[in-house]
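Peer 1: Give me a model of this one.
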Amino acid sequence: MFNVKMFAATVSVVLLAGSSSAAWAEPITLKDHGGRTVTLPKAAQRIASIPIPMASTIISIDGSTSKLVGMNPTAKSAIMEGVLGKIFPEAKDIPSDITAPNFIPNIEELAATNPDLVIQWADYGADLVDPLTNAGLNVALISYGTEEKARYYQNMVATAIGKPERAALINGWRDQVAQEMAAKTKNIAADKRPKVLYLGRAMEKLTASGNEGNYNAWYIDLTGGLNASADVKGNGTTISPEQIAEWNPDVILLNSFEAKLGLERIMDDPILSLTKAAQDKKVYKLPLGGYRWDPPSQESPLTWMWLANILHPEVFQYDLRGEMKKAYKSLYNYDLNDADIDGILWMDMQGNAANYAQFASK
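Peer 2: Residues are numbered from 1 along each chain as shown. From the prediction side, this is the model:
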């Protein structure tokens, strides 16, 4: 579990007495996921984000789009496809040409956004970083894919914009939910834990991941399930329908990244439709909220509640709709309505799935 004190030991901040303009003018020093020390002359007011997940993270931590001056085009599509585009319609005007495919920075377009800080991946080599630093841009690197990393980069961003209390609030929520779930699931025997298969891709190919470094496997375990693809080597490995049939998962989770992906992908397949998950109507598509609920994000505790209620309704009875309303008010200062929630949860598509009626509007 991420330790805030440990973060404080590695992120040195010349702080920020409240939110006064004088404090904003003070320098900020932090250590990024690449182990690099990043110094900003003052709290960043203009951030360009090349990694896909960071755009919505920045919005949630700041509570607005005002500091996001550039983002990945895939991040922009997620925002505009989901409810965040309704909450912040001005996001459609934020430039998304700051990166070429494979996260290669478009230096000319990035420079045009006049950023105080550019966020880039830490794990894909110097070719993605050196052009930015050579252009004289302030760069912070993030790594992705685990709960600890998500908490760390949320702290990084909050520190960079002079709002460390926002990360403390969001990560405190994560702590609370994760701890209460772990306390309830620790006594669930292995033979009472459903086998859950998460398909990272399912349209043109089928992919699954093992346990190591796999965030989906982490929260499947947290919520009282077993990762059906635990024996897969690596992440995003292509698998066959026959392999899925051999695993015979109790529950199948479909990714929210493929916009046209629906339950019929499993239910109409001559092999996959014979799995226990399909036969028991326990095939679900991950929701799409302020960000996609599959990977780590500022909304992750809602993913955990959603899945815990599905896997163990006898153990967990979260008022998911109520929790979503509270979270969106806190994260985005937005009052979710029932139609918003129905859209996020894909109620029209999967309202008849097993254990899903619990999420319907009362």
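
Peer 1: longest helix in the chain, by residue count?
Peer 2: In the chain, assigned by DSSP state H, the helix with the most residues is helix 164-185.

Peer 1: contacting residues around that helix?
Peer 2: The contact list for helix 164-185 (CB atoms under 8 Å, 6 or more residues apart in numbering) reads 1-2, 4, 13, 15-16, 60-63, 147, 151, 154-155, 157-159, 222-224, 298, 300-301, 304-305, 308, 312, 315-316, 327, 330-331. Just so you know, the C-beta spots here come from the backbone N, C-alpha and C atoms, and that holds for glycine as well.

Peer 1: Give me the buried stretch members for that helix, please.
Peer 2: 164, 166, 167, 170, 171, 173, 174, 177, 178, 181, 185 (16 or more other CB atoms under 10 Å).

Peer 1: could those residues be laid out in a markdown table, adding distance to residue 247 and pLDDT?
Peer 2: Putting these into a markdown table (distance: CB to CB, whole Å; pLDDT from 0 to 100) gives the following:
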| residue | distance to residue 247 | pLDDT |
| --- | --- | --- |
| 164 | 44 | 94 |
| 166 | 41 | 95 |
| 167 | 38 | 95 |
| 170 | 35 | 95 |
| 171 | 34 | 95 |
| 173 | 33 | 97 |
| 174 | 30 | 97 |
| 177 | 28 | 98 |
| 178 | 27 | 97 |
| 181 | 24 | 97 |
| 185 | 21 | 96 |
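
Peer 1: Can you tell me which of these is nearest residue 129?
Peer 2: residue 167 (23.7 Å; CB to CB).

Peer 1: re earlier: buried only: go through the contacts of helix 164-185 for me.
Peer 2: Looking at the contacts of helix 164-185 with 16+ other CB under 10 Å, the buried ones turn out to be 2, 13, 16, 60-62, 147, 151, 154-155, 157-159, 222-224, 298, 300-301, 304-305, 308, 312, 315-316, 327, 330-331.

Peer 1: Could you list which of those belong to helices?
Peer 2: 60-62, 147, 151, 154-155, 157-159, 222, 300-301, 304-305, 308, 327, 330-331.

Peer 1: got the contact list for stretch 36-47?
Peer 2: Contacts for stretch 36-47 (CB under 8 Å, 6+ apart): 16, 23-32, 58, 67-69, 113-119, 138-141, 157, 160-162.

Peer 1: what about that stretch, distance to the chain center?
Peer 2: 23 Å (CA atoms, centre = their mean, to the nearest Å).

Peer 1: Next, the buried residues of it.
Peer 2: Neighbour counts over stretch 36-47 (16+ other CB under 10 Å) mark 38, 40, 43, 44, 46, 47 as buried.

Peer 1: Need the max-distance pair from those.
Peer 2: 38 and 46, at 15.1 Å, using CB to CB across the buried residues of stretch 36-47.

Peer 1: Tell me the secondary structure at residue 92.
Peer 2: Following DSSP: H, G, I helix; E, B strand; the rest coil, the label given to residue 92 is helix.

Peer 1: Would you quantify the distance from it to residue 284?
Peer 2: The gap separating residue 92 from residue 284 is 30 Å, by CB to CB, to the nearest Å.

Peer 1: Alright, I will stop here.
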